[in-house]
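> sequence first, predicted coordinates after that:
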Amino acid sequence: MKALIALILLVQLPIHKAVPAAPPAPLGCDDPESEAAAEVAVNYINGRSHHGYKFTVNRIKDVHVVPQGPKNNLMFMELDLLETKCHILSPTPLANCTVRSFAEHAVEGDCDVKMQKVDGTISVLASKCHSNADSSEDIRKVCPGCPLLAKLNDTEVLETVSAALNDFNSKTTGPYLRLLEIGRGQIQYHPAHIVAVEFAVGATNCSAEEAKVNVEACQLLPEDQSNFGFCTGTVVKHPSQDLKVDCQLYGHQVPTSDIPLLSRVFQPTSQDTSAGLPPSAAGFPNHNLRLSHHNPLASESGSSEVFRSMLSAKSVTKRAVAEVAQHDKVPRPVGFVPPPPPCPGKIRHFDI
C-alpha cells in the first residue's frame, strides 16, 4: 500500500522540462587566448615582410573560432597594426621596438589571418595585409608644425639619402655601405626647411678607401657574412646648410625564419624607378604591407579559398553570439552593468 501511495504522489509531482545549456560564449578579443594568437600572427607577418618596418598589434578587431575536432580549432582574426621604428632587418625583438607616434606621421596596417590551434599549439595558415599612412589633415589638426611624410621618390628625399650616405662613406673607417632601401622621408617647410630620411644599408666587401678606387667592384657580403644596418639623415636647407647622418650596423645575423635575410631586402634591378626603391613604392609615402601569404603546409588549395572561409566563419560565429544573447535574456538586478562586447578589443597605443 505504501508503495502505491508513493507512486501516486510521484505521478502528481509537476514535471520540469530540462533547460538546455547555453552555448559557449564566443572568444573575446582581449582574452588571453586571442592575445597569444595575435602575437603568433604578427611575428609571422613581420617574418615574411620584404620592405619597411616591423609592425605591432594595436587592437584585435575581431576573432572567430570554428571547431574542427577535439583540441583542434580554426581561428580567424582581424588585426589593426601600427608601424614601429624597427626596420624589418633589425634584430631588435618586437617587444623592444618603439611604436612610431601619431605626430611622427604614423602608419597603420590591417590584416586578416587564418590560424589553427591543435593541442594548444597555434600556427598560421594564411595572412593578408595592407598598410597606409594617416592623412596629412589628421596630423595637421594635432600638430600643425610637424613634418609630414613625403613620397619615397620625392627629389628632396632622394637627394638627402644620397648626400647622407656619401657623407658617411667618406668619413668611415669601416666597410663601404651600400643603399638597400629608403624607409621614409619627411619634409618640414616652416619655420625651417628640413628634410629627414631613414634608410637601410648593407656592408660590402670593400673598405671605404677601396671603394674610392673602384666602387663598381663593391658587392654586398654573402649570406653567411651579411651585415645590415640602418641610417638616419637630416638636412637643414634653410636658413642654414647643415647635414647630419648616423649609421649603425646590426652585425651578422643568423636567419631565424625559413626566409634568407638577403631575399627579404630589395635588390636593385634594371626596373628600378630610383635607387633604393622597388617600383611598387615609387610615388607613395610608405612601403605598403602588401602581404598575402599562404602557408604551403596548409590544407587549403589556395589563399582565395582560405579567405572565403573567413566569411563563412563570421556567419557561424554571429549565429553563436545571437544564441548566447537569446539565452541570456533573464531579469537583472537594479544597477547591473552588462559586460563589454567581446570584440573589438582594447586599443593598446592610439586610435588612427
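Here it is on my side, so go on. Numbering: from 1, shown residues only.
> Leu177 is in contact with Ser170, correct?
No - applying Cβ atoms under 8 Å, one finds Ser170 not in contact with Leu177, separated by 11.1 Å. (C-beta placed from N, C-alpha, C; glycine too.)
> neighbour count for those two, which is higher?
Residue environment comparison for Ser170 versus Leu177 gives the larger neighbour count to Leu177, 27 against 10, counting by other Cβ atoms under 10 Å.
> helix/strand/coil for that one?
In terms of secondary structure, Leu177 is strand; the call rests on DSSP: H, G, I helix; E, B strand; the rest coil.
> mind checking the SS state of the closest residue to it other than its chain neighbours?
Take Leu177 and drop its neighbours on the chain: the residue closest to it by Cβ to Cβ, 6 or more residues apart in numbering is Val201, 4.3 Å away. The three-state label for Val201, taken from three-state DSSP, comes out as strand.
> tell me who's in contact with Val201.
Leu165, Leu177, Arg178, Leu179, Leu180, Phe228, Gly229, Phe230, Cys231, Cys247, Leu249 (Cβ atoms under 8 Å, 6 or more residues apart in numbering).
> what about it, distance to Lys237?
23 Å (Cβ to Cβ, to the nearest Å).
> which of the contacts of Val201 fall within strands?
Among the contacts of Val201, the members falling in strands (DSSP state E) are Leu177, Arg178, Leu179, Leu180, Phe228, Gly229, Phe230, Cys231, Cys247, Leu249.
> got CSV for those, with pLDDT too?
Converted to CSV, the ones in strands among the contacts of Val201 look like this (pLDDT from 0 to 100):
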residue, pLDDT
Leu177, 96
Arg178, 95
Leu179, 95
Leu180, 93
Phe228, 94
Gly229, 96
Phe230, 97
Cys231, 98
Cys247, 97
Leu249, 95
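> which residues of the stretch 1-150 of the chain score low on pLDDT?
Scanning the stretch 1-150 of the chain for pLDDT under 70 picks out 1-25.
> who touches the nearest residue to Met115 once chain neighbours are set aside in this structure?
Closest residue to Met115 apart from its sequence neighbours, by Cβ to Cβ, 6+ apart: Met75 at 4.4 Å. For Met75, the contacting residues are Ala37, Val63, His64, Val65, Val66, Lys114, Met115, Gln116, Lys117, Ile122, by Cβ under 8 Å, 6+ apart.
> what's across from Met75 in the sheet?
When bridges are called by DSSP bridges, Met75 pairs up with Val65, Met115.
> for Asp119, see how far away it is.
Distance, Met75 to Asp119, using Cβ to Cβ: 14 Å.
> on that earlier part again, what's the closest of the contacts of Met75 to Asp154?
When the contacts of Met75 are compared for distance to Asp154 (Cβ to Cβ), Lys114 comes out closest, at 37.4 Å.
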